[in-house]
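[1] the following comprises the amino acid sequence and a computationally predicted model.
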Amino acid sequence: MIDYSAVDGLVPVWKDGVLWLTLDRPTTRNAMTIAMRQGLIAAMREADSDPETRLVVITGTDPAFSSGVDLKEWLGVGGGTKVDPAAMIRAARTPVLGVINGLCYTGGLEVALSCSFLIASDRARFADTHAKVGLLPGWGMTALLPRAVGARLATQMMATGEPIGAEQALNTGLVNEVVPHDQLLERARAIAAMLCAANPRSIEIQLGLIVDGEGTSLAHALSAAADAKLRWRDDTTDVGARFARRHDSPSATSN
């Protein structure tokens, strides 16, 4: 098993139930080496096996999120080395928040698309340059990008390599929200705190239903949700404690 904490270009920090993973090769726009991709896979596996890890956050060192695979390394090994971190991110039971701080291209975009949800800096830019450099995407781009932004915009992005900005990414549904660059990590910490305060089993089941229901009929998704509710057992003690915490404030009890 790879020790991802020792991988050059990948900085992990575990704090308060959150595993923060920073892609850290700024001189290459955080291009991902084979070791970095293996490290991402190992980190996701460890997060999924650790009940104390409630969320994984993936971001990059400014000025980029990631430009994708390190093509210099790829060319040096003759290409074709398939180490796909995006598939592991999609398969994870632990929610993954992508914090897009800048340029997010090609393989970096496939990693972002595989996250559970995304927030972006107003400096973020998104592009797919596979066709531009003569490659075929292998981490899910052709399936994921049309589902995120629609077939027409995905076609334009994949065929031309032209980037879109943060506001267009927001308007098309690629990202959940856009915040000023200097507030991005603060917003990510706030989201992480809210998620960690929620019931972990409820989150796991609800997010699983979303993933399993995507692309199915409404009837199938509703049936799966009903089955999950039948199997669910309310913990009234936990619900009561959470309700009390929400309402135990001067404004809530003043009348």
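    That came in fine, so what should we check first?

[2] now the stretch 101-250 of the chain, which segments are flagged as low pLDDT?
    The model of the stretch 101-250 of the chain has pLDDT under 70 over residues 238, 240, 242-243, 246-250.

[3] tell me where it has helices.
    107-114, 130-133, 141-149, 151-160, 166-171, 184-197, 200-213, 218-231, 236-247, 250-253 (DSSP state H, counting those that start in this stretch).

[4] tell me the buried residues in the third one?
    This means helix 141-149. Buried residues in helix 141-149, counted by 16 or more other Cβ atoms under 10 Å: Met141, Leu144, Leu145, Pro146, Ala148, Val149. For every residue, glycine as well, the C-beta is placed using N, CA and C.

[5] quick one: which of the residues you listed is nearest Ile58?
    Checking the buried residues of helix 141-149 against Ile58 with Cβ to Cβ, the nearest one is Leu144 at 15.4 Å.

[6] could you find the closest non-adjacent residue to that closest one?
    Among residues not flanking Leu144 along the chain, Leu113 sits closest, at 4.0 Å (Cβ to Cβ, 6 or more residues apart in numbering).

[7] next, count neighbours for the closest residue to Asn176 other than its chain neighbours.
    Excluding the flanking residues, the one nearest Asn176 by Cβ to Cβ, 6+ apart is Phe117, at 5.1 Å. The tally of other residues near Phe117 (other Cβ atoms under 10 Å) stands at 13.

[8] now swap in the one 4 residues further on and tell me
    Ser121 has 25 neighbours, counted by other Cβ under 10 Å.

[9] what of Ser217?
    For Ser217, using other Cβ under 10 Å, the count is 9.

[10] repeat for the one 4 residues further on
    Summarising burial for Ala221: neighbours were counted as other Cβ under 10 Å, giving 16.

[11] got the contact list for it?
    For Ala221, the contacting residues are Leu209, Asp212, Gly213, by Cβ atoms under 8 Å, 6 or more residues apart in numbering.

[12] same question for Val77.
    Listed by Cβ under 8 Å, 6+ apart, the contact set of Val77 reads Ile34.

[13] now it: how far from Ala92?
    Distance of Val77 to Ala92, computed by Cβ to Cβ, to the nearest Å: 27 Å.

[14] likewise for Glu162?
    31 Å.

[15] tell me what angle the lengthiest helix in the chain forms with helix 107-114.
    If you go by DSSP state H, the chain has its longest helix at helix 34-49. Inter-element angle recorded for helix 34-49 and helix 107-114: 10 degrees (by axes from the mean of the first three to the mean of the last three Cα atoms, to 10 degrees).
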